[in-house]
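Colleague: From the sequence below, what's the structure:
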Amino acid sequence: MSSVFPARPVATLEQLSTPCLVLERGKLARNLVTMAATAALKGVRFRPHLKTAKSADIAHLAAPLPEGAITVSTLREAEYFAHHGWRDIFYAVGLGPGKLPRAAALARAGVDLAVTVDHVASARAIRECARVERVSFRALIEIDSGDRRGGLPPESAELILVAQELGPLFAGVATHGGFSYNERDAAGFARAAALEADALRIAAARLHAAGFPSAMLSLGSSPTAVAAANLAGITELRAGVYMFWDCYQAGIGACRYDDIALSVLAEVIGRPAHRPNEFLIDAGSFALSKDTATAALPPEQNAGYGFVCDLAGQLLPGLRVTRTWQEHGLVVSDRALAPDAFPVGSRVRILPNHACPTAAAHDRYFVVNGNRDVLAEWPRVNGW
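Modeller: Numbering: from 1, shown residues only. From the prediction side, this is the model:
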């Protein structure tokens with residue numbers, strides 16, 4: 001397994017082709033242990049979301065086999081992790097009829113696949129697929145706890161109708177507290193976590209009264225997973241970006257900047273003399289993403305397209321990527337740079353604004369542990 005490191009480094013950061021993803025093994029491990037311990041203390045099962053990591057090497061650390069239970073957001077991920085041995089998989093995106101043949105193939109291959117649904121027509125299609133293909137799914141009704149992305153309100157009359165349509169496939173309720181990203185401190189995360197848990201409890205109580213007891217009450221977002229105080233009745237906790245964290249999560253107070261395990265290695269390709277506080281790098285929107293979520297935060301937390309670190313991963317105050325083109329990024333300092341600073345050919349690491357879309361542009365991680373030595377390459381899966 002490639003997560004076992006070789007006796008010697010396979011390369012150094014200076015030898016890699018840029019741009020590329022760099023993953024700090026020590027920070028990753030600390031983030032994984034912290035979240036797993038949080039779930040254990042709360043007395044709920046933890047089901048890591050692999051939508052950001054998309055890597056079997058990371059999954060082996062986050063949800064070790066044979067018992068490991070995982071969450072995915074694409075069927076491509078589900079197929080990839082099934083190939084690598086995971087059997088308890090929750091596909092936490094509404095399952096459209098066009099994807100049912102692939103879902104059935106996973107079930108036939110021995111995957112205990114949980115799926116989400118929030119509409120009577122979808123529930124009918126899932127049950128018919130299970131009948132025709134002679135497979136079984138665990139179907140969870142998605143509850144909208146405040147994110148307004150998908151799901152039914154817990155008080156919805158349609159809730160019971162969906163459960164009736166699912167019949168024996170009905171397994172419980174699930175929600176995602178994505179609205180927690182609008183909060184800015186621990187108290188706000190705790191309020192969001194309470195809303196998330198209460199929405200599931202209300203929905204589950206109504207379903208139970210109608211004759212549909214819920215075996216699973218599944219919730220989670222990284223900020224609410226950390227903050228949730230009362231998870232009575234909840235059976236499992238999900239979180240994903242916590243593995244890496246990013247500048248947005250640090251900016252809202254869900255983590256520290258020192259917890260961010262992911263960065264993009266880039267080379268300086270331009271140092272315009274007439275703009276002494278700027279330089280160009282070979283990482284643009286395709287390598288960093290166009291996400292600028294931190295623009296909504298106070299100026300000191302606005303990372304632009306990413307904050308800048310040195311090769312050892314130490315944050316360089318006042319430097320951020322302010323503009324991107326496809327393959328170029330513009331780094332601007334809020335103070336004048338020395339003429340010999342950041343010469344063409346030197347390298348920096350960019351902490352991502354949002355880890356999920358940044359990682360999605362790359363096919364592997366180059367794993368380091370607090371220095372410039374590359375210990376391993378961990379492939380990741382992309383696509384749908």
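
Colleague: what's the first-to-last distance across stretch 42-52?
Modeller: From its first residue to its last, stretch 42-52 covers 24 Å (C-alpha to C-alpha, to the nearest Å).

Colleague: neighbouring contacts of it?
Modeller: If you take C-beta atoms under 8 Å, 6 or more residues apart in numbering as the criterion, stretch 42-52 is touched by 32, 35-36, 39-40, 58-59, 62-63, 69-74, 77, 81, 90, 92, 218, 220, 228, 231, 234-241, 243-244, 355-356, 359. Any C-beta I mention is one placed from the backbone N, CA and C, and that applies to glycine too.

Colleague: what are the ranges of the helices in the stretch 101-250 of the chain?
Modeller: Per DSSP state H, counting those that start in this stretch, the stretch 101-250 of the chain carries helices over the ranges 120-133, 158-166, 186-209, 222-227, 247-251.

Colleague: ok, now how distant is residue 61 from residue 258?
Modeller: Computed as C-beta to C-beta, to the nearest Å, the residue 61 to residue 258 distance reads 20 Å.

Colleague: Who has more neighbours out of these two?
Modeller: residue 61 (19 against 14; other C-beta atoms under 10 Å).

Colleague: In which helix or strand does the residue nearest to the more buried one when sequence neighbours are not counted reside?
Modeller: In space, and not counting its chain neighbours, residue 61 is closest to residue 32: 5.7 Å by C-beta to C-beta, 6 or more residues apart in numbering. Residue 32 belongs to helix 25-42 when assigned by DSSP states H and E.

Colleague: CA-only coordinates of the helix or strand that comes right after that helix in CSV, if you can.
Modeller: Counting by DSSP H and E, the element after helix 25-42 in chain order, helix or strand, is strand 45-48. Extracted in CSV, the C-alpha atoms of strand 45-48 (Å, rounded to 0.1, in the frame of the first residue of the first chain):
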residue,chain,number,x,y,z
ARG,A,45,-20.4,6.6,14.7
PHE,A,46,-18.1,8.6,12.5
ARG,A,47,-18.4,8.3,8.7
PRO,A,48,-15.7,10.4,7.0
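
Colleague: tell me the mean pLDDT for strand 45-48?
Modeller: Averaging pLDDT along strand 45-48 yields 97.

Colleague: Which positions in that strand come out as buried?
Modeller: 46-48 (16 or more other C-beta atoms under 10 Å).

Colleague: Which PyMOL command selects the buried ones in the contacts of stretch 42-52?
Modeller: In PyMOL syntax, the buried subset of the contacts of stretch 42-52 is picked out as below (16+ other C-beta under 10 Å):
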select buried, resi 32+35+36+39+58+59+62+63+69+70+71+72+73+74+77+81+90+92+218+220+228+231+234+235+236+237+238+239+240+241+243+244+355+356+359
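
Colleague: show me where the stretch 1-150 of the chain has strands.
Modeller: For the stretch 1-150 of the chain, the strands defined by DSSP state E, counting those that start in this stretch occupy 11-12, 20-24, 45-48, 69-72, 88-94, 112-117, 138-142.

Colleague: whoops, I mixed them up, the stretch 151-300 of the chain
Modeller: 170-174, 216-219, 236-239, 262-270, 278-281.

Colleague: and of the ones you listed, who's closest to residue 377?
Modeller: Closest approach to residue 377 among the strands of the stretch 151-300 of the chain (C-beta to C-beta): strand 262-270, 13.0 Å.

Colleague: In a markdown table, list the strands of the stretch 151-300 of the chain along with distance to residue 86.
Modeller: Shown next, in a markdown table, are the strands of the stretch 151-300 of the chain (distance: least, C-beta to C-beta, whole Å):
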| stretch | distance to residue 86 |
| --- | --- |
| strand 170-174 | 18 |
| strand 216-219 | 17 |
| strand 236-239 | 15 |
| strand 262-270 | 22 |
| strand 278-281 | 37 |
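
Colleague: closest one to residue 115 among those strands?
Modeller: Closest among these, using C-beta to C-beta: strand 170-174, at 9.2 Å.

Colleague: Tell me the strands beside that closest one, with direction?
Modeller: Counting by DSSP bridges, the strands paired with strand 170-174 are strand 138-142 (parallel), strand 216-219 (parallel).
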